[in-house]
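Colleague: I'd like to go over a predicted model; first the sequence, then the structure.
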Amino acid sequence: MKRTIILTIISCLLLISSAGAAQNAPESIAGITIGNNVSTVRSLLEMKSETSPWQEEYIKRIGLRELEGYRGGYVVVGNCKRKDIILRMKLKYSNNSLNFFNKIYSKIEKRFGQPNDWRGNPFGTLKVWKWSLKDKYGNISLILQHFSGDDDSITQGNSIRLSRPSWIQEEKQCWDQTHPIIQDKPIPAKMQGMKWFLPY
């Protein structure tokens, strides 16, 4: 009997703990909140920059104006099931130093615990920590990054990303259902064998 009561109490405590953790998952950075309509932050955005990334027509990306303490970034909004709803954001910090990155990391780790994933490189020029956090709507992805290398395709300095991956996936599914792909016949190769695939 006592064992049953103890197990019941432990189960209740675990449920309360996980519920508290779920409510603790972040949804906002610098006044921008996932799940809000893009109109709530229109004054922060360069609306003329709105575009859909190549082969990702199910979302729209809109550049951020320069905010105090930040230097650029963007928000991603839905273009199908959750049209104009904020699904993801990326902000670049004005401070590019590794010291600042470490300070931000320490504060995030203290609040949300250790990250779930490391995506840096062995050279130390790219440091990427990822947290996967649950809330009442599902999963929140939080990524903190520092880059000091020479690759132009990677954002220099420090940046932070916040997104709800399941909503982005639902946008893709919605778009695929409402915009079926029409397969065109490809243009025939102009060269024989491997020559067609190699530079010359």
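Modeller: Noted; the coordinates are in hand. This one's a predicted model, so the numbers in the text were calculated from it and none came from an experiment. Numbers count the residues shown, from 1 in each chain.

Colleague: okay, and for this structure, where does confidence drop off?
Modeller: 1-23 (pLDDT under 70).

Colleague: In it, mark out all the strands, start to finish.
Modeller: 28-29, 32-33, 45-51, 59-64, 70-78, 86-93, 117-118, 126-135, 138-147, 157-163 (DSSP state E).

Colleague: What is the last one packed up against?
Modeller: Using 3 or more Cβ pairs under 8 Å, 6 or more residues apart in numbering; DSSP states H and E as the contact criterion, the secondary-structure elements in contact with strand 157-163 are strand 28-29, strand 70-78, strand 86-93, helix 98-112, strand 138-147. Using the backbone N, CA and C atoms, a C-beta is placed for each residue, glycine as well.

Colleague: got the CA positions of the fourth one in CSV?
Modeller: Extracted as CSV, the C-alpha positions of helix 98-112 are listed here (Å, rounded to 0.1, in the frame of the first residue of the first chain):
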residue,chain,number,x,y,z
LEU,A,98,33.3,34.4,-28.6
ASN,A,99,33.1,35.8,-25.1
PHE,A,100,29.5,37.1,-25.8
PHE,A,101,28.6,33.8,-27.3
ASN,A,102,29.7,32.0,-24.1
LYS,A,103,27.8,34.4,-21.9
ILE,A,104,24.6,33.8,-23.9
TYR,A,105,25.2,30.1,-23.9
SER,A,106,25.6,30.0,-20.1
LYS,A,107,22.3,31.9,-19.5
ILE,A,108,20.4,29.6,-21.9
GLU,A,109,21.9,26.5,-20.3
LYS,A,110,21.0,27.8,-16.9
ARG,A,111,17.4,28.3,-17.9
PHE,A,112,16.7,25.4,-20.2
